[in-house]
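Colleague: Here is the input, now give the coordinates:
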Amino acid sequence: MRHFYKVALRVALLCSAAVARGKQQADWIVRAKYVVTMDAQRRVINGGAVVIRGNQIVGVGTQGEIAQQFTAPHTLDRPRDLIAPGMIDTHTHAPMSLLRAFADDQRLEDWLHNFIFIAESKNVSPDFVRWGTRLACLEMVLAGITTYTDMYYFEEAEAEVTKEAGVRGVLGQSVIGFPAPDHKTWQQAIAASEHFIQRFHNDELIVPAVAPHAIYTTPDDALVAAHRLSVKYQVPLLIHLAETKTERDEALSKRNMTPTQTLEKLGLLDGRVVAAHSIWDDDNDLQILRKHGTGVAHCPSSNMKLADGIARVADMLRLGIHVGLGTDGFAGSNDTADLILEMNIASKLQKVTQMDPHAVPAEQAFAMATIGGAQVLGMEKKIGSLESGKRADLITISLAHPNAVPLYNVYSQLAYAAKAADVDDVFINGRMIVNRRHVLTLNQAIIYEKAEGYRRRISASLAHH
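Modeller: The predicted model follows:
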């Protein structure tokens, strides 16, 4: 009898090997009604599948093609979903989720100086940053954001919990010209930035960056030092640029230059630069951005809510400037981490300001949330589309909702009809982070409890302000 079982086992193993012969071994095969690749050909594959091995995509094709080429121990079947690249937020301040809707209906200058800077000076600590980042990551992954770009304080703490959550982050240590919650001088912030960059320089999930806040809050010497650091380590430089008319008017009055001309004169636009907002740019400014290959993080909700203005996105795209989408901070400038909403607003804002319904069509809007965002960050070879060799950052979006029926065009569905709550599953770097809207890497109940504790603490700290 023992001999019989040995023979049977051997036959089973041989059969298994025969079945697998000629097939490549993978970790996951994800199948759905459509695969929206965002590759150079903008392929949309009916009855498609994506194959994951380790942290990479190793196959994209029809389900039949994939079945012939690959075998995997884990499969995910979503016949009523589409698979899309993970979305990329090119500008936010994640820990500020703990200040969500805290100081609404203010102009940027009042919001910053009379509310936010005061609240931060009294409350921001490494613990604040950790729990604010956890709350933000929870919201982001449930909305299909797999990479986010951030500038804040105590950036090492933010990077640590971002890694715990399994989220990809381009994280910039803030450099500012007055005492901040983490560093009292900009020289200390530069030194801390270098340590941060060195620690995370070759990290799988974290891309360290340096983030001088803006020309109106950061001395020129600090701007130049931050740029020198970004060039030395070949990391991104993140900065707010031309966000308000006041910023532009003051630069013209004091320097006889626009904010964008100022950065060019200081040499800051040489290298990987992400300019957040870029609203008050004239034709010459846009040519400067184009010449230097500067990426723009467009934050339509923030720009509207703070009454800052409307960026010339259609003009930027026509010039070949890379434009991505940003949600911006949660505390008054925007209140949600919802990039699907941002692409909807971004497209419609350009249509009405250009008086042209063809401006920023649906496909281009979705591109800004994916491959365009990757180009802004200089990461288009790694993320932003579903192609073999790229990182396995992908999401599934349910089509089994009234707002998805009937479906004529997937790009129109994504840009104009989809909701953040339609996101079903999320993979980042080959790891499943969300399964059927259940986040696998974060404890939702504890995060909510900590957030409520901070709400009470922050309210008490400002009771007499």
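
Colleague: Now do the same for the nearest residue to Ala72 once chain neighbours are set aside: its pLDDT.
Modeller: Nearest non-adjacent residue to Ala72, counting by Cβ to Cβ, 6 or more residues apart in numbering: Ala26, 4.2 Å away. Where you see a C-beta, it was placed from the backbone N, CA and C, and this is true even at glycine. We have a pLDDT of 98 for Ala26.

Colleague: Leu223 now?
Modeller: 98.

Colleague: if I look at it, how far off is Leu286?
Modeller: Counting by Cβ to Cβ, to the nearest Å, the separation of Leu223 from Leu286 is 21 Å.

Colleague: Pick out the residue closest to the middle of the protein.
Modeller: Asp89 (2.2 Å; Cα atoms, centre = their mean).

Colleague: hey, C-alpha coordinates of the helix or strand harbouring it in PDB?
Modeller: According to DSSP states H and E, Asp89 maps onto strand 87-92. What follows is strand 87-92, C-alpha atoms only, in PDB (Å, rounded to 0.1, in the frame of the first residue of the first chain):
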ATOM      1  CA  MET A  87      -3.300  56.500  -8.900                       C
ATOM      2  CA  ILE A  88      -0.500  59.000  -8.100                       C
ATOM      3  CA  ASP A  89      -1.100  62.000  -5.800                       C
ATOM      4  CA  THR A  90       1.600  64.600  -6.700                       C
ATOM      5  CA  HIS A  91       1.100  67.000  -3.800                       C
ATOM      6  CA  THR A  92      -0.300  66.700  -0.300                       C
END
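
Colleague: More neighbours: Leu223 and Leu286, which one.
Modeller: The residue with more neighbours, out of Leu223 and Leu286, is Leu223; 24 against 20, by other Cβ atoms under 10 Å.

Colleague: leaving aside the residues next to it on the chain, what's closest to the more buried one?
Modeller: Pro212 (5.1 Å).

Colleague: what about that neighbour, how many neighbours?
Modeller: 33.

Colleague: residue ranges of the strands in the stretch 301-450 of the chain, please?
Modeller: Taking DSSP state E, counting those that start in this stretch to define them, one finds strands in the stretch 301-450 of the chain at 323-325, 394-398, 423-428, 431-435, 438-439.

Colleague: strands paired with the longest one, and their directions?
Modeller: Using DSSP bridges, the neighbouring strands of strand 423-428 in the sheet come out as strand 394-398 (antiparallel), strand 431-435 (antiparallel).

Colleague: Let me know which of those strands is tucked in deepest.
Modeller: Each of those was scored by mean neighbour count; the highest is strand 394-398, a mean of 26, by mean count of other Cβ atoms under 10 Å.

Colleague: What lies in contact with it?
Modeller: 30, 32, 50, 57, 76, 78, 80-87, 144, 146, 386, 404, 414, 418, 422-427 (Cβ atoms under 8 Å, 6 or more residues apart in numbering).

Colleague: One more: stretch 282-296?
Modeller: Contacts of stretch 282-296 (Cβ under 8 Å, 6+ apart): 90, 242, 258, 260-261, 264, 269-270, 272-276, 278, 281, 311-313, 315-316, 319-324, 375-378.

Colleague: Give me the buried stretch members for that stretch, please.
Modeller: By 16 or more other Cβ atoms under 10 Å, the buried positions in stretch 282-296 come out as Asp285, Leu286, Ile288, Leu289, His292, Gly293, Thr294, Gly295, Val296.

Colleague: How far off centre is the strand or helix carrying the first one?
Modeller: Okay, so that is Asp285. In this structure, Asp285 sits in helix 283-292 according to DSSP H and E. Here helix 283-292 is found 24 Å from its chain centre; the criterion is Cα atoms, centre = their mean, to the nearest Å.

Colleague: Show me what secondary structure element comes after it.
Modeller: strand 295-298.

Colleague: Alpha carbons only: can I get the helix holding Asp285 in CSV?
Modeller: Presented in CSV, the C-alpha positions along helix 283-292 are these (Å, rounded to 0.1, in the frame of the first residue of the first chain):
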residue,chain,number,x,y,z
ASP,A,283,3.4,82.8,-21.0
ASN,A,284,7.0,83.4,-20.2
ASP,A,285,6.8,81.5,-16.9
LEU,A,286,5.3,78.5,-18.7
GLN,A,287,8.1,78.5,-21.2
ILE,A,288,10.6,78.5,-18.3
LEU,A,289,8.9,75.4,-16.8
ARG,A,290,8.9,73.7,-20.2
LYS,A,291,12.5,74.5,-20.8
HIS,A,292,13.6,73.0,-17.5
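
Colleague: excluding its backbone neighbours, what's nearest Ser412?
Modeller: Excluding its sequence neighbours, the residue lying closest to Ser412 (Cβ to Cβ, 6+ apart) is Ala362, at 4.6 Å.

Colleague: what's near enough to touch the one you found?
Modeller: Counting by Cβ under 8 Å, 6+ apart, Ala362 has contacts Ser347, Asn409, Tyr411, Ser412, Leu414, Ala415, Tyr416.

Colleague: cool, and Gly324?
Modeller: Going by Cβ under 8 Å, 6+ apart, Gly324 touches 88, 90-91, 295-298, 368-369, 372-377.

Colleague: Of the contacts of Ala362, which qualify as buried by neighbour count?
Modeller: Ser347, Tyr411, Ser412, Leu414, Ala415, Tyr416.

Colleague: For the strands paired with strand 423-428, give me JSON lines that also has distance to His183 and mean pLDDT.
Modeller: Putting the strands paired with strand 423-428 into JSON lines (distance: least, Cβ to Cβ, whole Å; pLDDT from 0 to 100) gives the following:
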{"stretch": "strand 394-398", "distance to His183": "36", "mean pLDDT": "98"}
{"stretch": "strand 431-435", "distance to His183": "32", "mean pLDDT": "98"}
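
Colleague: In TSV: those, plus distance to Asn303.
Modeller: Putting the strands paired with strand 423-428 into TSV (distance: least, Cβ to Cβ, whole Å) gives the following:
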stretch	distance to Asn303
strand 394-398	26
strand 431-435	29
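
Colleague: for these, which one sits closest to Val170?
Modeller: strand 431-435 (17.4 Å; Cβ to Cβ).

Colleague: who wins for most neighbours among the contacts of Gly324?
Modeller: Neighbour count (other Cβ under 10 Å) singles out Gly373 as the most crowded of the contacts of Gly324, with 36 neighbours.

Colleague: ok, of the buried residues of stretch 282-296, which one's closest to Gln354?
Modeller: The closest of those, once distances to Gln354 are taken by Cβ to Cβ, is Leu286, at 14.9 Å.

Colleague: Could you list the low-confidence segments of this structure?
Modeller: The chain contains residues with pLDDT under 70 at 1-21, 103-104, 106, 108, 111, 113, 332, 464-465.
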